[in-house]
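J.: 3D, please:
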Amino acid sequence: MKIISLFLLILSFNSFSQDQKVNIIAPNLIDGALHNYWWMEHDKKVEAFKTTNLHKGMLKRGLNLLERPADEKLWSKFENGQVYYFFFSNIENPIKEKFLIQRIKKVVRLYKKGKMYSEKITYLVEAFKTWTGYEQVEGTIKRADGHDGIFSNIGKNKKKVIFKEFETGVGTIDKIAEDNTIWPFNPKSLYFGTKYDDQGKKLYNTVKFTDSQKWTLNVEVDKNGYLIESPELGLLKKE
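T.: Have a look, this model is predicted:
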């Protein structure tokens with residue numbers, strides 16, 4: 001009987017480990033907005049979200065996340081030569097670590113008459129706190145990651161391309177987050193992040209993943225319209 005119980009325990013552990021492989025998804029906009037109010041009834045979730053800076057900020061851009069179609073994952077618009085976009089990313093399965101790491105390489109290229117004349121590369125590193133002690137959400141990040149951007153057309157016969165390479169997963173960051181069984185940053189904060197600056201560049205190569213997923217975001221804009229796509233997340237908008 002003890003052997004059988006031990007076998008079942010090992011089998012259960014192996015299944016749990018397989019389920020923990022990091023998989024990044026783009027939830028619909030409403031689910032992403034209400035993600036961190038899981039314990040509330042729907043109407044209370046909505047009222048709570050209405051008080052957030054995210055809701056107020058997006059309203060100024062013409063986006064009410066709470067009134068989007070139920071299956072919409074990516075919002076965008078093209079107005080006065082500018083493209084605006086917004087979407088969420090999240091992990092599909094819970095993780096046992098106390099934070100999720102994300103590093104980003106951002107490449108901005110400018111083109112004139114089809115030829116590139118400028119390229120700038122910057123780096124950013126982020127960490128997201130996970131829920132602990134609540135069975136319903138154990139191991140999920142406390143707040144879905146919101147991605148927004150405003151990019152302008154840069155003139156006649158010109159095009160701007162913003163290409164981001166993401167790697168999101170579990171692991172460590174040398175010197176500042178070497179123990180992923182605890183949240184090593186401000187205990188009152190749900191998030192740690194550099195800017196696209198020297199600190200971001202320095203930390204980028206100190207991230208050591210034990211499990212991660214790579215994904216991309218490509219945004220292009222010229223005087224005629226725009227393209228936004230992330231093949232890995234199944235996102236595509238163009239005009």
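
J.: so what are the domain limits for this structure?
T.: The chain breaks down into these domains under automatic domain parsing: 2-23+73-238, 28-72.

J.: Considering these, which stretch scores lowest in mean pLDDT?
T.: Note on the domains of the chain: lowest mean pLDDT is at domain 2-23+73-238, with a mean of 90.

J.: coming back round to it: tabulate the domains of the chain (TSV), appending mean neighbour count.
T.: All C-beta spots, glycine's among them, are computed from the backbone N, C-alpha and C. Output for the domains of the chain, formatted as TSV (neighbours: other CB atoms under 10 Å):
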stretch	mean neighbour count
domain 2-23+73-238	16
domain 28-72	15
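
J.: The chain: strands as residue ranges?
T.: 24-25, 74-79, 82-91, 99-112, 115-129, 145-152, 158-173, 191-193, 207-222, 225-230, 235-238 (DSSP state E).

J.: wait, which of those is closest to Thr52?
T.: Between Thr52 and those, the shortest gap by CB to CB is with strand 145-152, which sits at 10.4 Å.

J.: How far off centre is that closest one?
T.: 11 Å (CA atoms, centre = their mean, to the nearest Å).

J.: Between strand 225-230 and it, find me the angle.
T.: Using axes from the mean of the first three to the mean of the last three CA atoms, to 10 degrees, the direction of strand 145-152 lies 160 degrees away from that of strand 225-230.

J.: which helices and strands sit right next to strand 145-152?
T.: Judged by 3 or more CB pairs under 8 Å, 6 or more residues apart in numbering; DSSP states H and E, strand 145-152 is in contact with strand 82-91, strand 158-173, strand 207-222.
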